[in-house]
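Provided below for reference: sequence and predicted model.
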Amino acid sequence: MKDSNTKGFVRLVLAVVLCFLGACKKELSIESAKIKPPVRTYIVTARADKKGTNSNSAGSAVLRGNYDEETKVLSYSIDYIDIEPQVMTLRYGSKGSVGTFVRELYNIQNGKLSVVRGGFELTPLQERNFLKGLWFVTVNTATMSPEISGVLTYKQQ
């Protein structure tokens, strides 16, 4: 009789221990689950003028666009007035610097336009510099490079 009581007690202890181990394992998996950050979209704006370019240009340009963190695509349109642009580029760097070339947005070879539209996918490094607020647009003319420029700003949609 003692052997059957001992076997029953051992089985009961093993069952309780297995329940605790199974419960602990579930708790650990819940704690280790990673939460993905929300995917954001941004409204992008840049107002380009003579400030910071040492020019006396009366021209101005406005870049408006959107950036989607999921697709990594920056889409834009640029309106300009009182200026005859030859080349428009995106650059990144500290304010007042020449900056590092990112992308050409417009070249006079494409013809004379009043609105420039487009979009492209950002690399991880480009995205990091963009979200740090280091990007700016430059508008070059036949007489001056750059004639006007402006920093890209963004806000969450």
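In hand now; what should we look at?

Helix, strand or coil: sort out G133 for me.
coil (DSSP: H, G, I helix; E, B strand; the rest coil).

Could you list everything L90 pairs with in the sheet?
Counting by DSSP bridges, L90 forms beta bridges with R103, V137.

Quick check: it vs N56, distance?
The gap separating L90 from N56 is 24 Å, by C-beta to C-beta, to the nearest Å. Yep, even glycine has a C-beta here, placed from its N, CA and C like the rest.

Could you tell me how many residues sit around Q126?
18 (other C-beta atoms under 10 Å).

sec struct for it, please.
Assignment for Q126 (three-state DSSP): helix.

Before we move on, what's the pLDDT of it?
pLDDT for Q126: 94.

Not counting its neighbours along the chain, what's nearest it?
Leaving aside its sequence neighbours, Q126 sits nearest to V102 (C-beta to C-beta, 6 or more residues apart in numbering; 6.3 Å).

Surely that neighbour and Y92 touch.
Yes. Using C-beta atoms under 8 Å, V102 is in contact with Y92, at 5.8 Å.

Look up the residues that both of these two are in contact with.
Q126, W135 (C-beta atoms under 8 Å, 6 or more residues apart in numbering).

buried ones in stretch 66-77?
Buried residues in stretch 66-77, defined by neighbour count with 16 or more other C-beta atoms under 10 Å: Y67, E69, L74, Y76.

What is the burial count for the residue nearest to Q126?
22.
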